[in-house]
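**Q** Fold the stuff below for me.
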Amino acid sequence: MKNVAMKNLIIYTCLFLFSMYSFGESIPGSKGARISGTVKDKSNSKNLEYSNIALFNQIDSSIVTGTITDQNGTFILENIPSGKYYLEADFIGYKKETIENIEIKGKKDDVSINIGLIVAAEMLKEMEVVADRNYIDYKIDKKVVNVSQHINAQGGSAADVLENVPSVAVDMDGNVSLRGSTSYTVLIDGKPSVLEGSDALKQIPAEMIENIEIITNPSAKYDPDGTTGIINIILKKNKQDGVNGMVSGTYATMNKFGGNANINLRKGKVNYFISADYNKNPNKASAFEDRTNYSGDTTLFLEERSDREHTFRPWKLTGGADYILNDRNSVTISANVGSYGFFRDFETRYHAYTEPYTNDSYILSNNSFSVDGLYYSANATYIHKFRNEGEKIEATISAWQWTGEQTESSNQTSTDANWNSLGSYDKSRTRHLSLRDNLKIKADYTKPIGKHKLETGIQAHINPGTNEFIFEDYDPDSDQWLENNEFSNYMEFKRNLYSAYAIVSGQVIGFGYQLGIRGEYTDRLLHQVTSEEKYPVELLNYYPSVHLSRAINQSQQLQLSYSRRINRPRPWELNPFPNYSDNYNFSKGNPYLLPEDIDAVEFNYYNRMKKGFVSAGLFYRLTHNTKVMNINIDEQNRLYLLFENLDNTNSSGTELMVNLDPVKWFNLNVSTSIYQYNMKGNITGRVVDKSSLVADSRASFTVKIKNTNRVQINGFYSSPQEEAVGSREAMYGFGIAIKQDLFERKATLSLSARNLFGTRKYRVKSATDTYASYIGHDGEANVVRLTFTYRINNYKQVNREEMEMNFGAQ
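**A** As a prediction, the model looks like this:
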């Protein structure tokens with residue numbers, strides 16, 4: 001009850017303060033005259049969302065009020081006093097338009113203005129100008145990462161791009177976390193990704209991405225999955241007539257290589273697209289662990305040293321078509337097939353001894369781990385636009401399947417102090433065969449109602465799957481692998497979700513609002529076939545969302561939002577059977593593990609200036625039933641990992657980003673995130689009550705030597721951090737890249753180096769009453785990568801039309 005009261009207090013206090021500010025800034029008295037209108041691209045009549053609108057007094061040019069346009073390019077200025085004014089409309093990349101001689105004579109005046117902006121490049125006639133996009137654009141509801149400005153990520157993946165983005169951390173294995181959590185949803189062009197989290201991000205080549213949207217507080221329109229929100233990958237796709245495309249190839253140290261191609265053919269009302277990519281990315285690393293186990297009067301010391309080599313080898317083929325039936329109806333169909341391959345070999349040397357001393361034990365273990373899977377997906381979207389402006393219905397059906405095998409093998413032998421084998425190898429192998437089917441059907445309806453908008457929708461998500469865990473021992477006498485029935489098991493798992501939502505948005509007394517609610521029914525069943533146990537779960541949950549925004553003037557914006565989200569347990573986190581990796585380590589799931597429920601509040605401020613922009617934000621996140629991986633020691637001195645729920649955790653912090661262009665040839669981007677992370681609860685009878693102040697900083701310096709050449713240097717620092725069962729030491733790293741345009745910008749050559757000086761090192765200390773450990777992991781240093789990209793027929797980067805992402809009220 002205390003946590004609920006605190007949550008409500010924070011939410012209502014923020015809403016109250018924001019409302020008071022909004023009323024304070026508005027003109028008192030009854031509703032007066034207003035000026036409204038739309039802003040469009042003059043060449044194609046496309047609505048220009050987020051255009052800046054400013055109204056000035058004609059006498060002294062003082063600013064009277066301002067706002068920004070909504071997703072329909074519409075703006076409304078209310079409570080305008082009598083007088084003479086002029087209005088300016090401005091949008092990045094377009095020429096500023098000024099509307100003169102606007103006169104308000106009385107409170108009932110209602111002036112309507114339609115504005116067409118001209119692209120700045122069109123005014124320069126034959127002059128060639130290269131306009132750099134912002135490193136990151138801050139919109140009301142999301143951060144938009146412009147991939148073309150992240151030179152150091154060229155030849156890499158989406159995970160490499162995100163390495164230098166505020167709120168995001170990427171470890172040495174390419175695993176991505178958002179505000180300290182790996183629980184987020186990955187979308188590709190607004191559609192669900194077959195692969196989840198980091199697995200999806202590591203597979204998508206950076207050259208095929210137009211931009212990346214990071215949405216930390218989505219509205220009720222979208223699935224509530226993910227502790228920290230959504231990462232939406234917008235792929236490149238051209239809409240010019242004829243044939244055009246892009247081909248790219250990469251080669252890096254340690255024989256890393258890859259390539260991708262993206263081809264489009266547009267003929268009249270039909271646009272066909274096909275893309276393919278392949279990557280082979282081997283890496284070398286070293287790791288260690290020093291562990292001390294306390295058992296009565298005896299203390300066991302274990303020293304573990306590993307040399308690892310792993311290879312990530314994905315490929316994917318995508319094809320589809322956009323068909324414009326007529327002015328009101330369109331269809332998009334796409335399908336893809338791909339493979340996810342990850343292979344790791346590592347040799348581990350164990351040295352164990354005890355106090356009081358008995359003897360030294362030396363064990364050499366040659367282990368391998370692999371994930372090899374194939375997936376298929378298909379999507380179809382139909383959009384019908386009604387006669388009323390902005391009214392439409394959109395129906396989508398998505399189906400995908402994953403079938404894969406995860407294999408982990410261990411070959412161990414006792415050795416002398418020089419690691420020479422003293423006998424035969426003890427071999428074991430674990431295989432995990434998985435099959436996942438997904439079917440998602442949804443329909444969304446949008447209807448403007450005056451100055452407001454109604455959005456509703458329904459969705460069904462059917463998700464059955466099977467998991468078979470096969471544990472095998474090697475019999476040297478028969479030279480065969482024999483199944484170990486004690487640990488082998490078969491599990492069936494289904495999770496069906498049925499949901500509906502409603503959202504109302506618009507503008508009232510000077511600020512935009514969006515209020516939403518989503519209801520969701522969960523039907524889940526874990527059937528452990530081997531043990532003949534069933535664990536059914538049925539839940540009915542509600543997920544509200546609130547977004548408020550206010551334009552202070554044409555360059556400054558405030559935004560406040562609240563949403564509730566969920567982080568559901570994965571099947572393997574629930575399976576109660578143990579999974580052994582070697583004689584010293586195993587893990588097992590917890591069938592009673594509860595989903596995490598998250599309440600999140602954010603307050604953001606944006607200020608666009610002539611030579612850059614500044615953004616600042618505050619956030620608070622309260623997580624109930626926090627899921628942690630607890631480390632335990634069993635009666636045989638083996639370490640095992642078990643998922644359990646804490647009472648709750650909360651994090652609060654601030655994010656600041658500055659992007660400056662002090663001179664035409666230099667850009668500086670600096671960001672800092674500082675947040676307090678608190679965790680509290682009981683794990684296996686042990687009280688956990690920890691707090692940690694975490695600071696992450698990033699900086700990027702870009703120098704434009706010529707219009708066709710860029711040099712970029714970047715670096716990051718991550719402060720020490722407390723975890724549920726230990727503490728991580730500080731991390732930092734550096735990178736450099738050079739980008740050169742060739743052949744009248746038809747091609748680009750980039751050279752980059754990552755983890756310069758080998759400073760990226762992962763170190764974690766942990767301790768309980770029964771054990772203490774110190775773990776380290778050193779990744780590959782000085783990774784040099786060369787990438788060449790060629791554009792066919794002046795291929796331009798135009799976004800594929802994706803699912804709407806209008807979360808915040810404009």
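
**Q** Which positions in stretch 164-182 come out as buried?
**A** 164-174, 176-182 (16 or more other Cβ atoms under 10 Å). Bear in mind the C-beta positions are built from the backbone N, C-alpha and C, glycine included.

**Q** Next, the distance between the ends of that stretch.
**A** 17 Å (Cα to Cα, to the nearest Å).

**Q** How far off centre is that stretch?
**A** Relative to the centre of its chain, stretch 164-182 is centred 9 Å away, using Cα atoms, centre = their mean, to the nearest Å.

**Q** In the stretch 501-650 of the chain, where is pLDDT below threshold?
**A** Scanning the stretch 501-650 of the chain for pLDDT under 70 picks out 580-584.

**Q** For the chain, which segments count as helices?
**A** Along the chain, counting by DSSP state H, helices occupy 2-25, 158-162, 197-203, 571-574.

**Q** Alpha carbons only: can I get the shortest one in CSV?
**A** In this case it means helix 571-574. Presented in CSV, the C-alpha positions along helix 571-574 are these (Å, rounded to 0.1, in the frame of the first residue of the first chain):
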residue,chain,number,x,y,z
PRO,A,571,9.6,-20.0,-21.0
TRP,A,572,13.1,-21.0,-20.1
GLU,A,573,12.9,-18.8,-17.0
LEU,A,574,10.0,-20.8,-15.8
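
**Q** contacting residues around it?
**A** 432, 465, 467, 491, 493, 526, 535, 589-591, 593, 627, 643 (Cβ atoms under 8 Å, 6 or more residues apart in numbering).

**Q** at 7 Å what do you get?
**A** Outside helix 571-574, the residues within contact range by Cβ atoms under 7 Å, 6 or more residues apart in numbering are 465, 467, 491, 493, 526, 589-591, 593, 643.

**Q** Output stretch 136-153 in CSV with nothing but the alpha carbons.
**A** The C-alpha trace of stretch 136-153 is given here as CSV (Å, rounded to 0.1, in the frame of the first residue of the first chain):
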residue,chain,number,x,y,z
ILE,A,136,19.9,12.6,-32.6
ASP,A,137,16.6,14.4,-33.0
TYR,A,138,14.3,14.8,-30.0
LYS,A,139,10.6,14.7,-30.8
ILE,A,140,7.8,15.0,-28.3
ASP,A,141,7.4,11.3,-27.9
LYS,A,142,10.7,9.7,-28.9
LYS,A,143,14.4,10.1,-29.7
VAL,A,144,15.2,9.6,-33.4
VAL,A,145,18.8,8.4,-34.0
ASN,A,146,20.0,9.4,-37.5
VAL,A,147,22.2,6.5,-38.5
SER,A,148,24.0,8.3,-41.3
GLN,A,149,25.6,10.6,-38.7
HIS,A,150,27.1,7.7,-36.7
ILE,A,151,30.1,7.1,-38.8
ASN,A,152,31.8,4.7,-36.3
ALA,A,153,28.9,2.3,-36.7
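
**Q** thinking again about what came up before, next step: the buried residues of stretch 164-182 restricted to strands.
**A** Secondary structure from DSSP state E places 168-170, 176-178 of the buried residues of stretch 164-182 in strands.

**Q** Pick out the most distant pair among these.
**A** Spanning the widest gap among these are 170 and 178, at 10.4 Å by Cβ to Cβ.

**Q** Contact partners for residue 490?
**A** Applying Cβ under 7 Å, 6+ apart, the residues near residue 490 are 468, 529-530.

**Q** With residue 430 as the reference, measure out to it.
**A** Taking Cβ to Cβ, to the nearest Å as the measure, residue 490 falls 14 Å from residue 430.

**Q** hang on, the earlier thing: considering the helices of the chain, which stretch scores lowest in mean pLDDT?
**A** Here these differ in mean pLDDT, and the lowest is helix 2-25 at a mean of 40.
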